[in-house]
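A.B. asks: What follows is a predicted protein model with its sequence.
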Amino acid sequence: MIYVSRLEHFNAAHKLHNPNWSLAKNKEVFGPCANTNWHGHNYELIVTVKGKPEPDTGFVIDLKKLSTLIRTHIIEKVDHKNLNLDVAFMEGKLASTENLIIEFWNILAPQIEKISNAKLHSLKLYETPRNYVEYFGE
Ligand SMILES: Nc1nc2c(c(=O)[nH]1)N=C([C@H](O)[C@H](O)COP(=O)(O)OP(=O)(O)OP(=O)(O)O)CN2
């Protein structure tokens, strides 16, 4: 089994805010991340797919096609957007890195299987250079 990865990036604004809590409670739990007027991050997304190289191409997946797929289905929806206000698939969800990566998985996994024999293996999402989450679909 070969694991093939593509790094993409996007910039987005958000705030961590639980609508069931008061502003004071949100600030107590989320600190500056609850700032009422938003804050931004430079996100980095690493998408890893697994499979066997196709005999005709030597590719598990064409990385150009994988990049286009990620950009079409994820990056164009979140880049330079407000994750709390502008992104349909985050509606009603707390804009944490964990919740984002689950939504990304649900979107990408079926799309990757449409264009290749490879399967999505993992996603890694950096919110800051020091904070990241990983997801393996379970
Ligand atoms: N489990 C999670 N914890 C936190 C998340 C998250 O998505 N999941 N998000 C945040 C904030 O949105 C943000 O990432 C924190 O920013 P900050 O503390 O400024 O991160 P830095 O790495 O830049 O901070 P340094 O302390 O300067 O290293 C908080 N928690």
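C.D. replies: In hand now; what should we look at?
A.B. asks: where does this protein dip in pLDDT?
C.D. replies: Per-residue confidence of the chain (counting by pLDDT under 70) places no residue in a weak region.
A.B. asks: And the helices in it, which stretches?
C.D. replies: Along the chain, the segments classed as helices by DSSP state H run 23-30, 63-70, 76-78, 97-115.
A.B. asks: what's the closest of those to the ligand?
C.D. replies: Checking the helices of the chain against the ligand by C-beta to the nearest ligand atom gives helix 97-115 as the closest, at 3.5 Å. Where you see a C-beta, it was placed from the backbone N, CA and C, and this is true even at glycine.
A.B. asks: List the contacts of that closest one.
C.D. replies: Outside of helix 97-115, the residues that reach it under the criterion C-beta atoms under 8 Å, 6 or more residues apart in numbering are 45, 47, 49, 61, 65-66, 69-70, 73-74, 78, 83, 89-90, 93, 118-120, 123, 125, 127, 131-135, 137.
A.B. asks: buried residues in stretch 46-53?
C.D. replies: I46, V47, T48, V49, G51 (16 or more other C-beta atoms under 10 Å).
A.B. asks: that older thread, among the contacts of helix 97-115, name the buried ones.
C.D. replies: Among the contacts of helix 97-115, those classed as buried by neighbour count (16+ other C-beta under 10 Å) are 45, 47, 49, 61, 66, 69-70, 73-74, 78, 83, 89-90, 118, 120, 123, 125, 127, 132-133, 135.
A.B. asks: Just give me the closest of the buried residues of stretch 46-53 to the ligand.
C.D. replies: For the buried residues of stretch 46-53, the residue nearest the ligand by C-beta to the nearest ligand atom is I46; the value is 16.2 Å.
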